[in-house]
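>>> fold the following and give me the result.
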Amino acid sequence: MEKRDFIKSIALGALSIPILGMGQPETDTGAWYGQATLLARKLKLGDTIGLITPAGVLDDEESISIAREIFETLGFKVKEGKHIRSRYGNLAGTDQERIADIHDMFADTTVKAIVCIRGGSGTSRLLDRLDYKLISNNPKILLGYSDITALILALYAKTGLVTFHGAVGISTWTKKLAEAFNAQFLANQPAIFENPKSKGDNIVQTKDRIATIHPGTTEGVLLGGNMTVLTGLCGSSYLPDFKDKILFIEEVDEDMERVDRMFCQLKNAGILGAIKGFVFGKCTNCKPSSGYGSVTLDQLFNDYIKPLKIPAYSGAIIGHIAEQFILPVGAKVRIDAAQGTITLLESALKD
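Numbering: from 1, shown residues only. Next up is the predicted model:
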């Protein structure tokens, strides 16, 4: 298929397919204390997407080339951050370089969306030096996950900006993911996020099953991300207020002993007791602890989530997997824990 025809088919399909820098210190910009939610504008074909690396270093040029080609194939122009090839230990440049790229992208009026090429670590180092006034004056789409959770939550906490938890530049960009990207960012339609219902050759579904922890439906603002990064923000002003929110979390490559400790932190910090609903994504490559072993994920749900008696389910396609939801963090949703659905109740972008 020609590139032009592919762009047209994906963009048209998106209209009907449900969606499965050194700045001023943060104390100079103030925190977000309940002002109206801040929305970026939706995209149109031909817009410019900025590529940044706020976290881990890129170890090859091919990752940048692939990320650029993905968005050009989808019909967009691409601007690379000046420092995406920089390195400082395991980080994609010094704090100053990574902050500069964030600020440049928000300040550039030709850039309409910002996509992180990868996660990794180190985003939390930047939060106290971001210019939140600059960002709030130039609201834009921001897309990423994993360590980018720190930036996603901080921007909501400080500005009220709705950002997006989902694929990064080096993710596996299938046609389904491309359709989801355009459905969210071009069509800007409220959608229902639910796992694919595919049995394959089996007589019952065995992949991407959801499990209801406690049944029911509830509505609220959706907040969350990677569990390790989120719990690392506890006690800081970069973690939003979770009262009456719906929390989603995911994790990767962790011993269950550490997952248990993080659930305990969420409980002791008052977050679990404040939320109205709970969605757990994937715990990719999580494994039992060594020595005497450890509790299971199901046991942790029984210990920490079920006693809350709020709508809750696990198994959502969120996290370190090939295809995942593109979730609007900070938007109002309804969850149905028995059906395993997240329904977006309002547009996450301005037309």
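
>>> once you drop chain neighbours, what's closest to K287?
Spatial nearest neighbour of K287, excluding adjacent residues (CB to CB, 6 or more residues apart in numbering): D255 at 6.3 Å. Bear in mind the C-beta positions are built from the backbone N, C-alpha and C, glycine included.

>>> does the one you found touch C286 like I think?
Yes - in this structure, D255 is within contact of C286 by CB atoms under 8 Å, at 7.4 Å.

>>> and the residue nearest to K287, how far from I64?
D255 sits at a distance of 33 Å from I64 (criterion: CB to CB, to the nearest Å).

>>> with R334 instead?
Counting by CB to CB, the gap from R334 to I64 is 39 Å.

>>> same deal with P328?
Distance of P328 to I64, given as CB to CB: 27 Å.

>>> now A331
30 Å.

>>> per-residue pLDDT, Q205?
According to the prediction, Q205 has pLDDT 85.

>>> contacts only, for it.
For Q205, the contact set (CB atoms under 8 Å, 6 or more residues apart in numbering) comprises K197, S198, K199.

>>> so it: helix, strand or coil?
Three-state call for Q205 (DSSP: H, G, I helix; E, B strand; the rest coil): coil.

>>> so where do the strands sit in the stretch 251-351 of the chain?
Here the stretch 251-351 of the chain has its strands, by DSSP state E, counting those that start in this stretch, at 277-284, 312-314, 327-329, 332-336, 341-344.

>>> hmm, back to that, ok, the residue nearest to K287 - contacts?
The contact partners of D255, taken as CB under 8 Å, 6+ apart, are C286, K287, P288, S289, S290, S294.

>>> what's the burial count for the residue nearest to the first one when sequence neighbours are not counted?
I take that to be C286. In space, and not counting its chain neighbours, C286 is closest to E254: 5.1 Å by CB to CB, 6+ apart. Residues lying near E254 (other CB atoms under 10 Å) number 19.

>>> pretty sure E254 is touching T228, no?
Yes - if you go by CB under 8 Å, E254 and T228 touch, sitting 7.0 Å apart.

>>> ok, the residue nearest to K287 to S294 distance?
7 Å.

>>> repeat that for L230.
21 Å.

>>> same check on C264?
From C264 across to S294, the span is 13 Å (CB to CB).

>>> more neighbours: which of those two?
S294 (18 against 15).

>>> any chance of a markdown table for the strands of the stretch 251-351 of the chain, columns distance to W173?
Compiled in a markdown table, the strands of the stretch 251-351 of the chain are given as follows (distance: least, CB to CB, whole Å):
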| stretch | distance to W173 |
| --- | --- |
| strand 277-284 | 18 |
| strand 312-314 | 26 |
| strand 327-329 | 17 |
| strand 332-336 | 25 |
| strand 341-344 | 22 |
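
>>> of these, which stretch is the most buried?
Among the strands of the stretch 251-351 of the chain, strand 327-329 has the highest mean neighbour count (mean count of other CB atoms under 10 Å), at a mean of 27.

>>> and the helices in the stretch 251-351 of the chain?
Per DSSP state H, counting those that start in this stretch, the stretch 251-351 of the chain carries helices over the ranges 256-268, 297-300.
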